[in-house]
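[1] Sequence first, then the predicted structure, then my questions.
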Amino acid sequence: MKYLARKDSLCIKCHQCEEICSKAFFKTDNVEKSCIRITEEIDKVIVACNQCGICIDICPVKAITRDSKGIVRINKKECVGCFMCVGFCPEAAMRQHDDYIEPFKCIACGLCAKQCPTEAIYIEEKAKEQVAAISD
Amino acid sequence: MMNVKDLKEKHKLLTEYSYELGKVDKGYTNRTLYINLSENKIQAKSVTQMMKDKFIGGKGFGLWYLWNAVTPKTKWNDLENQIVIAGGPICGITQYPGAGKSLICTISPLTGIPIDSNVGGYFGPLLKFSGWDALELQGKAEKDVIIYIDGNKGTVKIEEAPLEAIDGHVLGEQLTEMYADSEEDKRNVAVVTAGTAAENTLIGLLNFTFYDVRRKVARLKQAGRGGIGTVFRDKKIKALVVKYKGVKGDLNNPVDQPMINKTGIKLHKEICKLDEKQNNMRKIGTANIIEVMNQYDLLPTHNFKYGSHPDAYKIASTVFIEKYITQGMADGCWYGCSMACAKAADRFQLKTGPYRGHLVTVDGPEYENAAGLGSNCGIFDPEAILELNFYCDTYAVDTISFGTLTAFVMECYENGIINKKITDGLELNFGNAEAALELLHQMSRGEGFGKIAGQGVHRMKKIFAEEYGADPDFLFDIGMEQKGLEYSEYLSKESLAQQGGYGLTNKGPQHDEAWLIFMDMVNNQIPTFEDKAEALHYFPMFRTWFGLYGLCKLPWNDIAPEDNALTDEPAKIPEHVQNYVDICNGVTGKNIDKHELIRESERVYNFQRVFNIRMGKGLRIHDKTPYRSMGPVTVEEYESRQERYDNQLEELAGYNPAEKLTQEKIALLRRYRENQFGKLTDAVYDRRGWTKEGVPTIEHLKKIGMDLPEVIEVVKQYL
Amino acid sequence: MIKVNGRDAEWEEDLTVEKLLEKNKYTFPKIYVKINDELVPQHEYAIRIIMDEDDIKVIHLMAGG
C-alpha cells in the first residue's frame, strides 16, 4: 500500500508542498489548510500521515476506513466532528481547521511529491505488515 | 426474538403530534416537550429567560418543572409526579469529552423528595437536536405505551405497545431495530427503558441506550439512583424512543466553535498521553480504583464493616481487563468522549435466570458495581459480579442500592435478625453469590423475599423491627441509608469530611456531590472544620454545575494535566475548571468566570434544598447519618482496627484506652465522633448560608439570586 | 521525627521517597510529593533521601468516582 514517505534531512523548507496541497484540497493558498506541514522542529520537519490507521479505531462512528489501496480516508458525511482522531494521532498528522467541522488528512495523492524540488517527500509502497510498525 | 415487524403491527396509535422542526441556538432550542399520559396530551412549552438565568438547564430545568408539577403532599406514584429528562446547553457538543449527559428528575419512591440522576447514552443530545431542551412526562397511561419522537419528521407519537419485552437489554435491541431503517441508521436511535424488577421494587432504574457500531449492540447506561425506573413503570411507560439522523459537530450553534474545538482537542491529547500513566480509564473505566480502595482501607466489605479484604485481589481491575473487558473499542457514551470509560464484557455466558446460557454484552463493571455487588456482599468472584451487574441493568435495578441493601440483609441474616423462614429459604450469608442472584431474580418476578428487599433499607428497617422484633437502634446503626437512599460504595468512617460528603447532600448519600476522602484522611489538606466546610461548599457546588449543562464529572479529574501539581489548587484541577468556563462561554455566549460558575450552581443547589424542605425532608434532622458511616458499630469491627481506634481515643478524645472493655471504647469513640459530625454540620451550614437547622436564609437566597417568591414562601415558615 | 502530611512519623536512615511511599502503602498512581514545599520529580523517588525533620507532603489527587 502506498504512503507519503519523507527524508527530513533533504527538506529545504520551501513550503511548496503545503501550497499545492491546500490549493488542491481546499482551493486556497493557506498552509493552515494543508494536509502536509513543514515545521520548525529539528528532528521532525515534515509532518504528514503515514497511513498507520490508529485513527480508524478511535473514531466513534467508523467514519475513518482504509480503502483498497491502503489509504486511510475520512467519510465526511458520517463524521460527527469530535476530533478525537486529531488528539490521538501519533504523528500529529490528522489536521483540523476551524472553517470546517470535520478533520482532514493526507491521502498520499502525490501532488506535493511531484512539486518537491529535493525529493524530500515521495510516494512509497509498503507491505501491509509494516503499516503498524511505522506508527512507532 | 420475535420479528420486530410483528411487534410493531400490534402497536395502537393513541395520539400523534406534529411540530415545526426547531433550531438550536447557543445550546438551547428554547422549547420543551410536555406529555400527559392520562390525557394523551402533547404540547410545546417555551423556555423563559428566567429559566435560563436561574436554572440554566439539565437538572435545573428538571427541578423547576417538578416544583411546579407537585404539591408538598405529592407521592411518587401520584398522577402529578413527573419524570423530567433534560440535557443542558452544553449537552450534545462532540468535541469535549463527557458532553452528552441527560439529567433525570422525579419525586423518588425511596426518599419522597426530588432525586436527580446523571446518565449517558444518546437520548439527551438527540432529544435536543430533535428540537427539545427537556421532556416532561406526567400522568399515567392505561396500558403499556411507547413514546416515539421523530426529530427529522417533527412528530411525537404515543402508542400502546403490548408485545415488546420489558427487560432493558431485549427491549433496547427490539426498538433500535424497529425504528432504524438500516444497520447504519441504528446509531440515530436512542431508547430509554426500565426493566421487569422496576415494577416490583422501589429501586428501579432507567436504561439509556447508545448503539455501539463495532459490537453491533444497543449498549445500556443507567440513570440508577432513587427509583426513577419504578416511577416510569408506574406511569406504564415501556420505553421512550427518539430518532434523529444527521448529527454533526456544530448542531448546538455555539457562538465560538473554534474555542470549543481547541479546548476539546487539548483534552483529547492530554488523555491520549497521560491516561495510561494515571487512571487507565480507557482500559477499565472507573473500576480502576477497586484495588486502590482496598489498599487504603476504603473498599466497603461486609456491609461497610471493613475497608479491605484479603480476597480483594480476585476482583482487581486487572482481572477484568485481562479476562473479560474487550479492549481497543471507542467506548464513549456520547461522541467525542475520549475518556471512553463505558467498558463492556462481550460474549459473557450467563449461568442463571431467564437468560441462562445466553451470550450477552455486559455494560461494566463500573467501580460501584464491583464494590457494591462484590466486596460489600463478601462476593469475590468476578463472574458473579458480572452476572449480577448484567441482571441489575436489564431488570432495571440500581446496582448501588441493590449492593448496599443486600449487604444489609446479609448482616441481618448472619445476626439472626432474619432467618431462612423469612427469606423463603435463601441463605443470605456474606459471600453467597447464588443467593444474591436469586434475590435479584425474585425482584424481577415480584416474588418472595425479593419483594421485601426491593423496598430498600429504610423500609426493611421498619419491617424487621415491627414484624421480626429486631432492635431498631441496631438497625439504624448498620442500615446504610439516609433520607431513604442507600449509601454508595465508599467507606467514610475515617474521613469526617466524607461523612459530610454523604450526609449533607440534597438527594441522599451519593458521592456525586463530594468525594473528599483522600484530601481529608490521607492528604490531611483540610484539617479544620472551616477547611472541611469550605470543601463541602466548593465541591458540591462545582459538581452540581455538570448537571446543569449536561456534562459528565469524570473528564474533570479522572485525568489531570502534567503540570497540575504546580498549580495553586491541584485538587480543583484549575486548568480543567478553565476548560469548562471556556466551553460554556463558547457555546452560550455568556461571559462567566470560575466564580460565577459556582454561583450558577448555588442557585439550583439551594433551590433543591428548599424543595426538600417543602416536601418535608430538608432539615438538619434529615441529615443525620447511620453510625456505621462514622465509626465502628460492633465489637468485631472495633477490634479489627483496634490500634487505630485506641490511638484516636487517646490522642483525639483524651481517654486512656488501657484496660477498658471494647464496648466501653466503642461508646467513647462514638460520643467523640458524633460530636465531631455535629460541629462539622454547624460549620457547613454556616458556609452554605443556612441556619443551624439547615434552612437557607432569606438574606442568602437574595444574595445568590434565588429569591423567587415561592421559594421565600417555603423558607419563611422555618425561620 | 519527620512530618508526613502534617502528621508525625518515624524517621530512619537512608529513607528514600520510594521507601516512604512503600511504608505508608501509598500505591495510588496519581500522587505528587513535596519535601519542605519543594516538588520532587517522580524519577527521583528512588534516590531522593529524606532527612530527619523534613516536612513531606504526599498528595493524592483523587476526588471521587
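    Nice, I can see it.

[2] which phi and psi does the residue of the stretch 551-700 of chain B found nearest chain C have?
    For the stretch 551-700 of chain B and chain C, the shortest gap (C-beta to the nearest C-beta) falls at B:Ala565, measuring 3.8 Å. (Each C-beta comes from the backbone N, C-alpha and C, glycine too.) Backbone torsions for B:Ala565, taken as degrees, to the nearest 10, come to phi -60, psi -20.

[3] wouldn't it be in contact with C:Glu38 here?
    No. B:Ala565 is beyond contact range of C:Glu38, at 11.6 Å (criterion: C-beta atoms under 8 Å).

[4] Residues in a beta bridge with the spatially closest residue to the residue of the stretch 551-700 of chain B closest to chain C that is not a sequence neighbour, which ones?
    Spatially, and ignoring its direct neighbours in sequence, B:Ala565 is nearest to C:Tyr32 (3.8 Å; C-beta to C-beta, 6 or more residues apart in numbering or on different chains). Beta bridges link C:Tyr32 to C:Ile59, judged by DSSP bridges.

[5] which SS state does B:Leu103 fall under?
    Look at B:Leu103: counting by DSSP: H, G, I helix; E, B strand; the rest coil, its state is strand.

[6] What about it, how many residues nearby?
    30 (other C-beta atoms under 10 Å in any protein chain shown).

[7] For it, give me its contacts.
    Each residue near B:Leu103 by C-beta atoms under 8 Å, 6 or more residues apart in numbering or on different chains is listed here: B:58-59, B:62, B:85-88, B:116-119, B:124, B:547, B:550.

[8] Show me those that map onto strands.
    The members of the contacts of B:Leu103 that map onto strands under DSSP state E are B:85-86, B:116-119.

[9] Which one's more surrounded, B:Ala565 and C:Glu38?
    B:Ala565 (16 against 7).

[10] sorry, back to before: enumerate every residue touching the residue of the stretch 551-700 of chain B closest to chain C.
    B:Ala565 neighbours (C-beta under 8 Å, 6+ apart): C:32, C:39, C:59, C:61.

[11] are any of these buried, and which?
    C:32, C:59, C:61 (16 or more other C-beta atoms under 10 Å in any protein chain shown).

[12] show me where the stretch 401-550 of chain B has helices.
    B:433-445, B:448-453, B:457-468, B:472-478, B:496-503, B:517, B:529-549 (DSSP state H, counting those that start in this stretch).

[13] Hmm, I typed the wrong one, I wanted chain C.
    With DSSP state H, the ranges of helices along chain C come out as C:17-23.

[14] Next to chain B, which bits of chain C? Give me the list.
    C:5-7, C:25-30, C:32, C:39, C:57-65 (C-beta under 8 Å from any C-beta of the partner chain).

[15] Filter those down to the ones in strands?
    C:7, C:32, C:39, C:57-60.

[16] so which of the residues you listed comes closest to chain A?
    Distances from chain A to those, taken by C-beta to the nearest C-beta, are shortest for C:Tyr32, at 24.5 Å.

[17] How confident was the prediction at the closest one?
    Looking at C:Tyr32, its pLDDT is 92.

[18] Help me confirm that it comes into contact with B:Pro570.
    Yes. With contact defined as C-beta under 8 Å, C:Tyr32 counts as touching B:Pro570 (7.3 Å).

[19] Can you check which residues contact both of these two?
    C:59, C:61.

[20] what's the next secondary structure element after the helix or strand harbouring B:Glu637?
    Per DSSP states H and E: B:Glu637 is located in helix B:635-640. Downstream of helix B:635-640, the next assigned helix or strand under DSSP H and E is helix B:642-648.

[21] Could you pull up the mean pLDDT of that next one?
    pLDDT averaged over helix B:642-648 gives 96.

[22] Now tell me what touches it from outside.
    Contacts with helix B:642-648, where a contact means C-beta under 8 Å, 6+ apart, come from B:494, B:631-632, B:638, B:657, B:662, B:665, B:669, B:672.

[23] In JSON lines: those residues, plus secondary structure.
    As requested, those are arranged in JSON lines below (three-state DSSP):
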{"residue": "B:Glu494", "secondary structure": "coil"}
{"residue": "B:Gly631", "secondary structure": "coil"}
{"residue": "B:Pro632", "secondary structure": "coil"}
{"residue": "B:Tyr638", "secondary structure": "helix"}
{"residue": "B:Pro657", "secondary structure": "coil"}
{"residue": "B:Thr662", "secondary structure": "helix"}
{"residue": "B:Lys665", "secondary structure": "helix"}
{"residue": "B:Leu669", "secondary structure": "helix"}
{"residue": "B:Tyr672", "secondary structure": "helix"}
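
[24] of all those residues, which comes closest to chain A?
    Looking across the contacts of helix B:642-648 and measuring by C-beta to the nearest C-beta, the closest to chain A is B:Glu494, at 38.7 Å.

[25] end to end, how far does stretch B:625-635 reach?
    One end of stretch B:625-635 to the other measures 20 Å (C-alpha to C-alpha, to the nearest Å).

[26] swap in stretch B:36-43?
    Start-to-end, stretch B:36-43 (C-alpha to C-alpha) is 9 Å.

[27] Could you do stretch A:82-92 as well?
    16 Å.

[28] Can it be said to contact chain B?
    Yes. Residues of stretch A:82-92 are located near chain B by C-beta under 8 Å from any C-beta, namely A:82-84, A:86-88.

[29] which element is the closest residue to B:Ala165 other than its chain neighbours on?
    Distances taken as C-beta to C-beta, 6+ apart put B:Leu171 closest to B:Ala165, at 4.7 Å, once the chain neighbours are dropped. Per DSSP H and E, B:Leu171 falls inside helix B:168-179.

[30] contacting residues around the residue of the stretch 251-400 of chain B at minimum distance from chain A?
    At 2.3 Å from chain A, B:His268 is the closest residue in the stretch 251-400 of chain B, using C-beta to the nearest C-beta. For B:His268, the contact set (C-beta under 8 Å, 6+ apart) comprises A:83-84, A:86-88, B:97, B:338.

[31] still on that earlier bit, kindly provide the distance from the residue nearest to B:Ala165 to B:Phe607.
    Per C-beta to C-beta, to the nearest Å, B:Leu171 is found 35 Å from B:Phe607.

[32] now do B:Asn303
    Applying C-beta to C-beta to B:Asn303 and B:Phe607 gives a distance of 34 Å.

[33] what does B:Gly353 give?
    From B:Gly353 to B:Phe607 the distance is 42 Å (C-beta to C-beta).

[34] And C:Asp54, how far from C:His43?
    19 Å.

[35] And those two? Which one has more around it.
    Higher neighbour count among C:Asp54 and C:His43: C:Asp54, with 16 against 8, using other C-beta under 10 Å.

[36] and that one, what pLDDT?
    C:Asp54 is given a pLDDT of 97.

[37] Wait, it touches C:Ala9, no?
    No. If you go by C-beta under 8 Å, C:Asp54 and C:Ala9 don't touch, sitting 10.0 Å apart.

[38] Could you pull out the residues contacting both of the two?
    Joint contacts of C:Asp54 and C:Ala9 (C-beta under 8 Å, 6+ apart) are C:2-3.

[39] can I get the helices of the stretch 401-550 of chain B in CSV with mean pLDDT and mean neighbour count?
    Formatted as CSV, those follow (pLDDT from 0 to 100; neighbours: other C-beta atoms under 10 Å in any protein chain shown):
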stretch, mean pLDDT, mean neighbour count
helix B:433-445, 98, 22
helix B:448-453, 98, 20
helix B:457-468, 98, 18
helix B:472-478, 98, 17
helix B:496-503, 98, 26
helix B:517, 95, 26
helix B:529-549, 98, 23
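
[40] For chain A, find the nearest of the ones you listed.
    helix B:529-549 (17.8 Å).

[41] Name the residue in B:Gly353 and B:Phe607 with the higher neighbour count.
    Under the neighbour definition other C-beta under 10 Å, B:Gly353 and B:Phe607 were set side by side, and B:Phe607 has more, 24 against 19.
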